[in-house]
Every structure is written in structure tokens, then in C-alpha cells.
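J.: Got a predicted structure here, sequence first:
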Amino acid sequence: MAGQGPSRRHFFFGSLLAGAVPAAGFGSAGSLKQLGYKSPNEKLNIAAIGAGGKGASDIAGCQSENIVAMADPDDKRAEKTFKQFPKTPKYKDFRKMLDKQGREIDAVLVSCPDHMHATASMWAMSRGKHVYCQKPLTRTVWEARQLTEAARKYNVATQMGNQGYSNEGARQCCEIVWAGDIGNVTEVHAWTNRPLTWWPQGPDVVPKEAPVPPTLDWDVWLGIAAWRPHSPAYVPHNWRGFPDFGCGAIGDMACHILGTPNMALMLTAPTSVECVKQEGKGKYTFPQQSVIRFDFPARGSMPPVKVFWHDGLKSRPAIEGVANDELLGDKDTNGSVLMGDKGMVTTGCYGERTRLAPAAKMKDYKLPPQLLTRSPGHYRDWIRACKGGDPACSNFSVAGPFVQWMLLGVISMKFEGKLNWDARAMRFTNNNEANKHLRPAFRKGWKFA
């Protein structure tokens with residue numbers, strides 16, 4: 001394996017070195033400034049679509065810049081953030097915000113529920129605005145592909161909110177794998193405790209109708225989704241468990257936990273996906289627990305690999321041939337393990353606590369030489385890109401293809417058996433019903449851009 005080091009490293013310095021070097025190579029940043037990007041010392045004018053919940057922390061992460069507008073259909077959810085910016089204009093509908101203040105907005109944070117990520121991002125990008133969009137980027141595969149193409153078309157700086165891509169440990173994991181220190185990786189397991197204690201989903205969850213609170217614009221909150229009566233089962237927090245609005249546990253956490261394996265193994269598109277186990281299936285929601293298998297073909301010198309996603313767990317999953325005490329740490333209710341023919345490497349939720357397993361292997365281990373650049377921080381990475389610097393590490397050319405394969409797992413929970421995937425044609429070759437879930441329907445009165 002040691003003899004394969006140089007060839008592997010040469011392979012990874014190609015276009016597959018996602019997020020590590022600018023897409024056009026080092027030195028490409030200067031040309032961006034000629035396209036109207038701001039000086040590094042000039043503050044961006046940022047608007048926020050979603051100001052409560054995750055939107056609040058995204059705004060806080062960008063307070064080095066000017067926050068010039070906010071849109072949130074739920075005044076109560078956004079109340080705390082609104083009070084922090086008393087002079088900043090507030091809107092219910094992001095479309096009105098972009099129409100009214102578009103000329104003074106440079107960049108947009110998109111932190112609304114999953115079903116509106118793509119529409120909000122496309123409205124912003126088509127108007128020449130840089131976009132930071134929360135994970136899982138989109139609710140459907142088609143939308144992820146559309147955003148990937150739009151970012152290129154409109155030449156804007158983008159970033160998905162999977163901060164693990166900026167983590168030191170995630171990059172160390174890549175370097176360990178690329179150095180050949182655990183051999184050929186043929187199996188990956190990733191797991192989360194979501195949705196346990198986070199939001200309810202399963203057979204007992206029924207969205208009961210209730211009056212719309214006076215602080216909520218229900219029509220705007222629904223956005224592109226089909227009309228239905230308001231229910232507190234959806235708003236403000238638990239929408240994630242309902243397929244029309246969210247992507248369940250895999251949508252919430254896979255962009256974080258599978259981010260490190262995706263980067264380290266240069267995963268492209270799987271040939272198949274299958275939900276091999278699910279428990280507590282709900283009529284209206286995702287199941288309480290699932291196990292999903294993705295099969296990926298060989299990539300360059302890397303062999304085929306099978307990737308397993310486990311959710312709804314109280315502790316690490318049982319993995320054949322691996323004792324739980326071999327996976328270091330007693331707090332890894334969210335994490336991953338990459339299994340090679342010469343060893344294993346395991347990480348936490350965001351690529352943190354990267355280490356060889358079992359523990360004894362770390363005692364005298366020296367990390368391989370650094371190959372990847374290190375991030376200044378996930379928000380700072382994007383802000384720098386908006387001002388003409390290197391592309392952000394999880395820009396849409398990286399995040400889009402990643403999300404496309406991850407979202408196949410969401411669809412797999414709806415069907416029995418293996419779904420064979422043709423990425424080029426963007427279709428399942430053996431299940432036409434599954435193909436109906438690849439793109440959204442748009443409610444009358446709403447358009448994509």
C-alpha cells in the first residue's frame with residue numbers, strides 16, 4: 001500500500017479535490033474581482049430568508065457584514081432576532097424583500113424549511129446574489145441539480161450549511177485515507193440519534209388542524225407545497241418529519257455525518273440505493289428508524305464501496321466485525337466509520353475527533369503530510385468567496401452532487417427493494433413510481449425563479 005501513495009496523491013490533486021483548491025486552479029480568484037466582486041475589506045450587504053431557528057445562528061455567523069433585510073413568515077419564531085436588528089427592514093415574503101431591496105443586496109442566507117430552500121435560493125441567484133443555503137440544500141434531486149447548474153450560470157459564490165466540510169478533522173480524515181494508512185475502503189457506516197428527542201415522527205403523529213396564529217403567514221410558509229390546513233404539528237419546528245416539507249433524519253444529519261466520507265472517498269453517484277430496514281413507519285411522516293444502503297462504483301484507484309446510513313439510534317449501530325469499544329469515544333451518538341482492509345478511521349458528527357480505531361493504533365501514529373488547505377471557518381469561507389476569494393469548500397458544485405445521492409435515500413424509504421440509479425439520465429431504471437419523487441410540484445402562484 002505504501003507504494004501506492006504517490007499515484008493516489010497525484011489522482012487527488014485533480015478536479016476531484018473538492019473544496020480544496022479553486023475550481024479554476026490557484027490564482028483564479030483575481031479574475032473574479034473583475035466581475036464585480038467586493039474588496040476583502042468592504043462589507044457585504046446580506047439579506048436573510050429565515051430569521052428564527054437556524055436562521056438566527058446563520059445571521060449571527062455573518063454579523064461581521066451588514067445585515068440589511070430579513071424575511072420570515074413567522075413573527076413569533078423570528079422575534080428574538082428581529083429585536084436584535086430593530087432598524088433592519090422585515091418582511092413576511094422573501095419575494096417582496098428581493099423585489100424591493102434587490103439593488104442593495106449582495107448575498108442571501110437561506111435558512112427556511114427544506115421544501116423552500118431551492119425556490120428561495122433560485123430567486124436569489126437568478127438576481128445575481130451570492131447564496132449560503134442551509135443543508136440539505138434541497139428537498140428533491142431535481143432541485144439540487146438545478147441549483148448546481150444555476151450557480152455556474154449566474155457565476156455567484158455559494159455554500160451549503162454543512163459546516164463539517166470546514167472542519168480540520170474532516171480534512172485529516174481525507175489525508176489519512178489518501179495516504180493509504182487504512183488500505184482500500186470498501187464499507188462505511190454513518191449513524192445518528194435523530195429524530196429521537198428532536199422531533200416526533202412515526203405512526204402516532206397526526207397533523208391535526210388548528211387556527212392559524214396571528215403572527216404566522218400560513219400561505220407564505222407553505223410556499224410551493226400543496227395547500228392544506230394549518231397544524232402545530234408542522235410549525236414551527238417539527239416540519240422536518242413530514243415528507244412534503246422535510247427530509248427526515250437523513251436530510252437533517254447526513255450532510256454533516258456523511259460529509260467526511262463523501263470528501264475522503266470522492267463519492268460520485270451510486271448505482272443503487274435500498275432501505276434495508278425501517279421501524280415505526282408513519283402514515284404522514286418518515287419512520288422512527290431506518291437503515292439505508294448506497295452502492296458506489298470504483299472511483300479512479302478506489303474500489304467499489306457500500307455506504308450504510310443508520311438513524312433513530314440510542315447508541316452506535318452494531319457493525320459486523322467491529323466491537324463497539326473499538327470506536328473511540330463515549331459520546332458518538334452521531335458519527336461515521338470508514339472500514340479499510342488495513343484498518344479503520346472514525347469521526348464525530350462534523351468530522352471532529354478523527355482517529356484511527358481501535359484506540360491502540362493512535363498511540364504512536366503520526367498524521368500524514370497535509371494535502372488540503374485549511375478553512376478559516378464555514379461562514380468566513382463563503383464570505384471570502386463572495387468577495388472574490390477562492391470558492392467555498394461546500395459550494396454548490398460540491399454540495400449539489402453530494403445532496404443528489406443523499407436524497408436518493410429519502411426516496412428509498414417509500415419503496416421495497418433496491419432502486420437502480422442512472423445518474424446521467426436522472427432516473428431510476430427499475431421503478432417508475434420512484435421517479436415521481438425526484439422533483440417537486442409547484443403550487444399555483446409560486447414559481448421557481
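T.: In hand now; what should we look at? Residues are numbered from 1 along each chain as shown.

J.: And the helices in the stretch 1-150 of the chain?
T.: 5-12, 29-33, 54-61, 75-84, 94-101, 117-125, 141-154 (DSSP state H, counting those that start in this stretch).

J.: so which of the ones you listed comes closest to residue 201?
T.: Among those, the nearest to residue 201 by Cβ to Cβ is helix 54-61 (18.6 Å). C-betas here are computed from N, CA, C, even on glycine.

J.: buried set for the closest one?
T.: The neighbour-count check on helix 54-61 (16 or more other Cβ atoms under 10 Å) flags 54, 55, 56, 58, 59, 61 as buried.

J.: again with stretch 294-307
T.: 294, 295, 296, 302, 305, 307.

J.: Can you tell me which of those is closest to residue 40?
T.: Closest to residue 40, out of all of the buried residues of stretch 294-307 and judged by Cβ to Cβ, is residue 302, at 37.1 Å.

J.: Identify the residue spatially nearest to that closest one, adjacent ones excluded.
T.: What sits nearest to residue 302 in space, not counting adjacent residues and going by Cβ to Cβ, 6 or more residues apart in numbering, is residue 265, at 6.4 Å.

J.: I'd assumed residue 272 was in contact with residue 421.
T.: Yes. Counting by Cβ atoms under 8 Å, residue 421 does reach residue 272; the two are 6.0 Å apart.

J.: Output the below-cut-off pLDDT ranges for the stretch 201-350 of the chain.
T.: Residue ranges of the stretch 201-350 of the chain with pLDDT under 70: 324-331.

J.: residue ranges for the helices of it, please.
T.: With DSSP H, counting those that start in this stretch as the criterion, the stretch 201-350 of the chain has helices spanning 218-222, 248-257, 259-264.

J.: For the shortest one, which outside residues touch it?
T.: Judged by Cβ atoms under 8 Å, 6 or more residues apart in numbering, the contacts made with helix 218-222 from elsewhere in the structure are 73, 74, 92, 93, 113, 212, 228, 230, 235, 443.

J.: and the residue nearest to residue 302, how many residues sit next to it?
T.: 21 (other Cβ atoms under 10 Å).

J.: For it, give its distance to residue 361.
T.: 20 Å (Cβ to Cβ, to the nearest Å).

J.: Tell me the pLDDT of residue 13.
T.: We have a pLDDT of 35 for residue 13.

J.: CA atoms of stretch 410-418 as PDB?
T.: Extracted in PDB, the C-alpha atoms of stretch 410-418 (Å, rounded to 0.1, in the frame of the first residue of the first chain):
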ATOM      1  CA  VAL A 410     -35.200   9.700   1.200                       C
ATOM      2  CA  ILE A 411     -37.000   8.200  -1.700                       C
ATOM      3  CA  SER A 412     -35.800   4.700  -0.900                       C
ATOM      4  CA  MET A 413     -37.900   4.800   2.300                       C
ATOM      5  CA  LYS A 414     -41.000   4.800   0.200                       C
ATOM      6  CA  PHE A 415     -40.400   1.600  -1.600                       C
ATOM      7  CA  GLU A 416     -39.500  -2.100  -1.000                       C
ATOM      8  CA  GLY A 417     -36.300  -3.400  -2.600                       C
ATOM      9  CA  LYS A 418     -33.300  -2.000  -4.400                       C
END
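
J.: residues of that stretch that come out buried?
T.: Buried residues in stretch 410-418 (16+ other Cβ under 10 Å): 410, 411, 412, 413, 414, 415, 418.

J.: And for stretch 268-275?
T.: With the criterion 16+ other Cβ under 10 Å, stretch 268-275 contains buried residues 269, 270, 272, 273, 274, 275.

J.: Span of it from start to end?
T.: End-to-end distance for stretch 268-275, by Cα to Cα, to the nearest Å: 19 Å.

J.: Show me what that stretch is in contact with.
T.: By Cβ under 8 Å, 6+ apart, stretch 268-275 touches 290-297, 299, 307, 401, 404-405, 408-409, 411-413, 415, 417-421, 423.

J.: burial count for residue 404?
T.: 24.

J.: In a helix, it, correct?
T.: Yes. Using DSSP: H, G, I helix; E, B strand; the rest coil, the assignment for residue 404 is a helix.

J.: wait, doesn't it sit right on residue 146?
T.: No. With contact defined as Cβ under 8 Å, residue 404 does not count as touching residue 146 (10.7 Å).

J.: Let me have the buried residues of stretch 268-275 in TSV, extended by distance to residue 438.
T.: Formatted as TSV, the buried residues of stretch 268-275 follow (distance: Cβ to Cβ, whole Å):
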residue	distance to residue 438
269	13
270	14
272	15
273	12
274	17
275	16
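
J.: any idea of the pLDDT on residue 368?
T.: 97.

J.: Tell me who's in contact with it.
T.: 175, 176, 178, 179, 181.

J.: Show me just the buried residues among those residues.
T.: Applying 16+ other Cβ under 10 Å to the contacts of residue 368 flags 175, 176, 178, 179, 181 as buried.

J.: For the second one, give me phi and psi.
T.: When quoted as degrees, to the nearest 10, the phi and psi of residue 176 stand at phi -60, psi -50.

J.: pLDDT, distance to residue 284 and secondary structure for the contacts of residue 368 - can I get that in a markdown table?
T.: Converted to a markdown table, the contacts of residue 368 look like this (pLDDT from 0 to 100; distance: Cβ to Cβ, whole Å; DSSP: H, G, I helix; E, B strand; the rest coil):
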| residue | pLDDT | distance to residue 284 | secondary structure |
| --- | --- | --- | --- |
| 175 | 97 | 44 | helix |
| 176 | 97 | 43 | helix |
| 178 | 97 | 44 | helix |
| 179 | 97 | 48 | coil |
| 181 | 97 | 46 | coil |
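
J.: For residue 345, state which of these is nearest.
T.: So of those, ranked by how close each gets to residue 345 (Cβ to Cβ), first place is residue 176, at 5.3 Å.

J.: Take the buried residues of helix 54-61 and write them to JSON lines, including pLDDT.
T.: Converted to JSON lines, the buried residues of helix 54-61 look like this (pLDDT from 0 to 100):
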{"residue": "54", "pLDDT": "96"}
{"residue": "55", "pLDDT": "98"}
{"residue": "56", "pLDDT": "98"}
{"residue": "58", "pLDDT": "98"}
{"residue": "59", "pLDDT": "98"}
{"residue": "61", "pLDDT": "98"}
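
J.: Of the residues you listed, just say which sits nearest to residue 119.
T.: residue 55 (15.9 Å).

J.: Can you tell me, leaving aside adjacent residues, what's nearest to the closest one?
T.: Per Cβ to Cβ, 6+ apart, closest to residue 55 is residue 111, 3.5 Å.

J.: end-to-end on stretch 343-356?
T.: 8 Å.

J.: Which positions in it come out as buried?
T.: 343-351, 353-356.
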